[in-house]
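Novice: quick one, what's the 3D model for this:
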Amino acid sequence: MHSYKKILITGGAGFVGSSLAIALKQDLEMSTVTALDNLKRRGSELALDRLLSNGVKFLHGDIRQPEDIAEAGPFDLLIECSAEPSVHAGYESDPRYLIDTNLVGTTHCLEAARKNCADVVFLSTSRVYPIATLRDLPLQVIDQRFTIPLGQSGRGWSDQGISEEFALTGARSLYGATKLASELLVVEYGSMYGFRTIINRCGVLTGPWQMGKVDQGFVTLWAARHLYGGTIKYLGFGGQGHQVRDILHVSDLYALLRHQLDHPEIANGKTFNVGGGRSSSVSLIELTQLCEELSGNDLRISGEPYSRDADIPWYITDNTQAQRCFDWQPAYSVEAIVKEIFDWLEEHRSKLVPILGNSNTLSG
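Specialist: Model prediction:
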């Protein structure tokens, strides 16, 4: 890996940010790794002891405030993980926090990178792709899941998933729009000011220490409901639980990041679709069956056929470009990921029940 001396991770107390911060510090013992976070998301406070015990510095701050970023001091690598992560944000609420965090905040981060001549890794999202176009894919229900029939394909899509060539024309939610706009700024800043940039469009990231909600972390949410009790339901697209996502363990994301930082001549200026791929995909009903097997509990999940405006029925990441460039493959299967999450929920039950326990009815 490039010999970075001072690394700043924004959103560093979140699930992804804290996981990357700890892994980087373990690999780069002589480097300073600082996690900056506003601790807005419930459960992020649990990351503080883990960060400090692993030698990661914590700075309470908000990327909406440039002076908070400046308090981190000089850095030579910025990993931008901060975000308002809900694709539903702004539909029935004021969108200012979303825009100020995901777009204005990214601008503040890029300005800090410019002043420090630092490399930038920007974690974007698969939700930059337009909703209507994704909904128009030729899906069929086969074996309890939506799927694209073998052999069918179009620009940027096939039964293997969605590639970087998928069309970007159309509406994608304010969340997706702020992330796509930030991608464009990342590219322009890198080109104009001469620092290296990498953009990773991540699908569903998961693993222990993710505080699951409907809008982010559905695997943890499903496991917690089965283990701690509560109710969930299949929401949208007929209410049968056929929706499909591929899932990627955060350790597999870190493995790719290491390859990217080891080979800046390949990664610089590029955008990669990053996810578990077809082999690590799961439908909601398949996830339910797996959770039932691990917990011994049957929640008898009901269905609601109505689909929310930002919902999509199917998304699988086509990892071909990342695999080809870095000889990288996700190592964790769906079964291994869910089992590890169950073990974590059991081990830290007393801490997690107040956050992930049954406070209200949730759906996905």
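
Novice: residue ranges for the strands of the stretch 201-350 of the chain, please.
Specialist: Assigned by DSSP state E, counting those that start in this stretch, the stretch 201-350 of the chain shows strands spanning 204-206, 232-235, 244-249, 270-274, 281-283, 302-304, 314-315.

Novice: strands of the stretch 1-150 of the chain, start to end?
Specialist: 6-10, 32-37, 57-60, 77-80, 119-125, 140-142, 145-147.

Novice: for these, give me CSV that also has mean pLDDT, distance to residue 357 and mean neighbour count.
Specialist: C-beta: built from backbone N, CA, C; applies to glycine. Below are the strands of the stretch 1-150 of the chain laid out as CSV (pLDDT from 0 to 100; distance: least, Cβ to Cβ, whole Å; neighbours: other Cβ atoms under 10 Å):
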stretch, mean pLDDT, distance to residue 357, mean neighbour count
strand 6-10, 98, 29, 26
strand 32-37, 98, 24, 26
strand 57-60, 98, 26, 17
strand 77-80, 98, 31, 26
strand 119-125, 98, 28, 23
strand 140-142, 96, 33, 12
strand 145-147, 98, 29, 20
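
Novice: dump these into CSV; add distance to residue 16 as well.
Specialist: CSV is the format used below for those (distance: least, Cβ to Cβ, whole Å):
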stretch, distance to residue 16
strand 6-10, 9
strand 32-37, 11
strand 57-60, 16
strand 77-80, 9
strand 119-125, 7
strand 140-142, 32
strand 145-147, 26
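
Novice: out of the ones you listed, nearest to residue 191?
Specialist: strand 119-125 (11.9 Å; Cβ to Cβ).

Novice: list of residues touching the closest one?
Specialist: For strand 119-125, the external contacting residues (Cβ atoms under 8 Å, 6 or more residues apart in numbering) are 2, 4, 16, 76-81, 83, 106, 109-110, 113, 175-176, 179-180, 182-183, 186, 189-190, 195-202, 257, 260-261, 264, 271.

Novice: and those, which of them are in helices?
Specialist: 16, 106, 109-110, 113, 175-176, 179-180, 182-183, 186, 189-190, 257, 260-261, 264 (DSSP state H).

Novice: just the buried members of those residues?
Specialist: Buried subset of the ones in helices among the contacts of strand 119-125 (neighbour count, 16 or more other Cβ atoms under 10 Å): 16, 106, 109-110, 113, 175-176, 179-180, 182-183, 186, 189-190, 257, 260-261.

Novice: which stretches in the stretch 201-350 of the chain count as helices?
Specialist: With DSSP state H, counting those that start in this stretch as the definition, the stretch 201-350 of the chain shows helices at residue ranges 218-228, 250-262, 264-267, 284-295, 320-326, 334-347, 349-356.

Novice: which neighbouring elements make contact with the last one?
Specialist: In other words, helix 349-356. helix 218-228 (3 or more Cβ pairs under 8 Å, 6 or more residues apart in numbering; DSSP states H and E).

Novice: got a list of contacts for the helix it packs on?
Specialist: Outside helix 218-228, the residues that touch it by Cβ under 8 Å, 6+ apart are 204, 206, 210-214, 230-232, 245, 247, 284, 287-288, 291-292, 294-295, 297, 299, 337-338, 341-342, 345-346, 349, 352-353, 356-358, 362, 364.

Novice: taking helix 284-295 as reference, get the angle to that helix.
Specialist: Relative orientation of helix 218-228 versus helix 284-295 (axes from the mean of the first three to the mean of the last three Cα atoms, to 10 degrees): 40 degrees.

Novice: pretty sure residue 338 is touching residue 290, no?
Specialist: Yes - in this structure, residue 338 is within contact of residue 290 by Cβ atoms under 8 Å, at 5.4 Å.

Novice: which of these two has more residues huddled nearby?
Specialist: Counted by other Cβ atoms under 10 Å, residue 338 and residue 290 do not tie: residue 338 has more neighbours, with 24 against 21.

Novice: residues touching that one, list them.
Specialist: Contacts for residue 338 (Cβ under 8 Å, 6+ apart) come out as 219, 223, 287, 290-291, 294.

Novice: who wins for neighbours among these?
Specialist: Counting neighbours by other Cβ under 10 Å, the top entry in these is residue 223, with 27 neighbours.

Novice: what's the distance between it and residue 341?
Specialist: Counting by Cβ to Cβ, to the nearest Å, the gap from residue 223 to residue 341 is 5 Å.

Novice: same check, this time on residue 351
Specialist: 15 Å.

Novice: who has more neighbours, those two?
Specialist: Using other Cβ under 10 Å as the criterion, residue 351 and residue 341 rank with residue 341 on top: 26 against 11.

Novice: so the more buried one sits right up against residue 207, yeah?
Specialist: Yes - the pair residue 341 and residue 207 passes the contact test of Cβ under 8 Å, sitting 7.0 Å apart.

Novice: OK, contacts around the closest residue to residue 89 other than its chain neighbours?
Specialist: Sequence neighbours aside, residue 98 is the residue nearest to residue 89 in space, at 4.4 Å (criterion: Cβ to Cβ, 6 or more residues apart in numbering). Each residue near residue 98 by Cβ under 8 Å, 6+ apart is listed here: 84, 86, 89-90, 174-175, 178.

Novice: tell me what the most centrally placed residue in the chain is bridged to.
Specialist: In the chain, the residue lying closest to the centroid (Cα atoms, centre = their mean) is residue 205, at 4.4 Å. Residue 205 has these beta-bridge partners by DSSP bridges: residue 248.
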